[in-house]
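> give me coordinates for this.
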Amino acid sequence: MNTLLKTILLAGALLSLTACDTGPEPEAMDEIAAGDYERGPNNGRMLREGAFAVELAIFETGLPPEFRAWVTENGQPLEPTSVDLKVTLTRLGAEDEIEFDAQGDYLRGDQVVYEPHSFLVTVEARRGGAGHEWQYESFEGRTQISPEMAEAFRIETMIAAPATLAETIEVYGTIVPNPERVREVSARFDGVIQSVDVALSQMVDQGQRLATVESNESLQSYAITAPISGLVMERTANAGEQTNGRRLFTIVDTSSIWAELAIFPSDRSRVAVGSDVEIAPATGGDSIIGSISHLNPVANANQSITARVSLDNSDGRWALGTYINASIKVAEIEVPLAVKRSGLQSFRDFTVVYAQIGDEYEVRMLDLGRQDDEWIEVLGGLQPGTRYVTENSYVLKADVEKSGASHDH
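Below you'll find the predicted structure:
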């Protein structure tokens, strides 16, 4: 069993010990268990006291969610104008009071019931001199975790606030030698190559002997040595051959290399020298951050422009010829509210984060906008200043799903 699965199972076992405890209901109110109640002809919740009854439902077909209510006495419809109705929704950290107006044969709430539909519902109805009151729980996407457990499961939070998004373009490229670190080696005096001391692709140190040559003029032997430390990229020298003024070795110092990136015409105007770049091997692996040091003014055959990024390769992690992917930052966008993408989870048909209020956590359905690798803009569904979970929110999702929280009205 892998570590992640073990963690989820342990979370479920421990969280079951800390289920939400809302405390006893007021004695003067009727308690109706959530999900276990009588439904009326409009598929709403029936609230009864003696002969008087209210059917309360959230209506959300073709319009934003709103409460609607139908009132009866002894099973017979009452004129909606004869009843004063108020619903109070006690949410985590907030309270909504909804008044009702008569519309046709029902009473209609005067405000949208925003998501999540998770609250303690208090219903007050008055007809003539008689008052009626009910209270019931309608929770979804909510769980409770002690601070000790939150620490044990490494649940991390932060405050929802403005953020700066980085707009990037994705490009491709190759790791190539830095031309400033390439040396071509030939014989100082032409002659016969007596011996060759290095092999192709061998690393050599500055001053190390590469070959020995007998001069044609003096008949004296002398050593050809490496002018820099680096990799023998080319060797055309073999014992017994004449040097003939030709290039015998090419040595490349691979401690400093270039990433050459192909910038296509549609993006050319957005890229500049100094633009930040994140580069990673095309086959996957850790990335490295750099900046564009040069833009070739001459287009390639495919009309792309080559951008170069100088990289430190003193640890030898980049092999020459490696294919790479890169993200070039082309703009920064200030947004008034954003959350970390690491905190996002799915809930029903929504993308959510888990808001924290004390020891309780509850989903917040998000309307999302622009994004980058770290942040995503929030257009609605979350209040600025809300503390929300950024890391390991899957623990909360697992517990909510285990509890069977439903969208039930």
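
> residues in contact with the closest residue to Asn216 other than its chain neighbours?
For Asn216, ignoring the flanking residues on the chain, the nearest one in space by Cβ to Cβ, 6 or more residues apart in numbering is Gly191 at 4.6 Å. All C-beta atoms are positioned from the backbone trio N, CA, C, and that covers glycine. Neighbour list for Gly191: 213-217, 242-243 [criterion: Cβ atoms under 8 Å, 6 or more residues apart in numbering].

> if any of those are buried, put those into a ChimeraX selection.
In ChimeraX, a selection of the buried entries from the contacts of Gly191 looks like this (16 or more other Cβ atoms under 10 Å):
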select :213,215,243
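
> format the contacts of Gly191 as a markdown table; extra columns: secondary structure.
Formatted as a markdown table, those follow (DSSP: H, G, I helix; E, B strand; the rest coil):
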| residue | secondary structure |
| --- | --- |
| Val213 | strand |
| Glu214 | strand |
| Ser215 | strand |
| Asn216 | coil |
| Glu217 | coil |
| Gln242 | strand |
| Thr243 | coil |
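
> from the contacts of Gly191, pick the one nearest Gly369.
Taking Cβ to Cβ as the measure, Gly369 lies nearest Thr243 of the contacts of Gly191, at 66.9 Å.

> so how far is Thr236 from the closest one?
Distance of Thr243 to Thr236, given as Cβ to Cβ, to the nearest Å: 10 Å.

> please look at Asp105 and Leu78 and confirm they touch.
No: contact criterion Cβ atoms under 8 Å: Asp105 and Leu78 do not qualify, at 9.7 Å.

> state the number of residues packed around Thr236.
13 (other Cβ atoms under 10 Å).

> now do Ala226
Using other Cβ under 10 Å, Ala226 has 19 neighbouring residues.

> could you pull up phi and psi at it?
When quoted as degrees, to the nearest 10, the phi and psi of Ala226 stand at phi -70, psi 130.

> pretty sure it contacts Gln202?
No: look at Ala226 against Gln202 with Cβ under 8 Å: they stay out of range, at 10.3 Å.

> point out where this structure drops to low pLDDT.
1-35, 404-409 (pLDDT under 70).

> how is it partitioned into domains?
23-138, 143-165+334-403, 168-176+255-333, 179-252 (automatic domain parsing).

> who touches stretch 39-53?
30, 32, 37-38, 54-57, 68-75, 123, 125, 127, 130, 132, 134, 136, 409.

> that's all I had, so thanks and see you.
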